[in-house]
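J.: Sharing a model prediction with you, sequence too.
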Amino acid sequence: MYNKIILAGNLTRDVEIRYTQGGSAIGSTAIATSRKFKSQTGEQKEEVLFVDLTFFGRTAEIANQYLRKGSKVLVDGRLKLDQWTAQDGTKRSKHSVTVENLQMLDTKGQSEQMAAQGGYNAPQQQDTYSQPAPSQNAAPQQPQQQQAPAQNIPEIDINEDEIPF
């Protein structure tokens, strides 16, 4: 069987991170996606969908460090059905996505603008918004501050196949 979902949209809240007893990071947030369509009467409509996201390991730490409410992201992962019993005894369920790969879609200019408006603290001397975050299986990369040339111009290694437009 195959279970794969790809979503692009904006985060609806800041990433909340916690750690297991073993020290592994778990991050949670939600994404809002939308689609525009014409109804049978020809009226332009928009449908918005909200989906919970869960990040693990290094991906959770990167998401917590760089993403804030409103950040544009592209995620892919597995669809999961969460089921529980509410306090009033009713059975409840919802779908969520366990994220395997994360791409930050905000440009550096957009992230600095959000920081200026009090949205969040922009990363200093790093331009990781245009690079995909490593998955939990990938080896950690060296921080960009060590790789950057002396003129504080970040080095960007982008594969053209990874550009979403």
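T.: It's in.
J.: now the strands: where do they sit in this structure?
T.: Read by DSSP state E, the chain holds these strands, from start to end of the chain: 5-11, 16-19, 25-38, 44-56, 72-85, 91-104, 132-133.
J.: Make CSV out of these and add mean pLDDT, mean neighbour count and distance to residue 62.
T.: Backbone N, C-alpha and C define where each C-beta goes, glycine included. Converted to CSV, the strands of the chain look like this (pLDDT from 0 to 100; neighbours: other CB atoms under 10 Å; distance: least, CB to CB, whole Å):
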stretch, mean pLDDT, mean neighbour count, distance to residue 62
strand 5-11, 95, 16, 13
strand 16-19, 94, 12, 10
strand 25-38, 94, 15, 9
strand 44-56, 94, 14, 8
strand 72-85, 94, 15, 11
strand 91-104, 93, 16, 7
strand 132-133, 42, 20, 5
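J.: For residue 64, find the nearest of these.
T.: Comparison of those against residue 64 by CB to CB identifies strand 16-19 as nearest, at 4.2 Å.
J.: Quick one: list the elements packing against that closest one.
T.: strand 25-38, helix 57-66 (3 or more CB pairs under 8 Å, 6 or more residues apart in numbering; DSSP states H and E).
J.: Verify the stated contact: residue 31 with residue 53.
T.: Yes - under the criterion of CB atoms under 8 Å, residue 31 lies in contact with residue 53, with a separation of 5.7 Å.
J.: For those two, list the residues in contact with both.
T.: Overlap between the contact sets of residue 31 and residue 53, as judged by CB atoms under 8 Å, 6 or more residues apart in numbering, is given by 75, 97.
J.: returning to what we had before: turn the strands of the chain into a markdown table, columns for distance to residue 63.
T.: Formatted as a markdown table, the entries for those read as follows, by distance: least, CB to CB, whole Å:
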| stretch | distance to residue 63 |
| --- | --- |
| strand 5-11 | 9 |
| strand 16-19 | 8 |
| strand 25-38 | 5 |
| strand 44-56 | 5 |
| strand 72-85 | 8 |
| strand 91-104 | 6 |
| strand 132-133 | 7 |
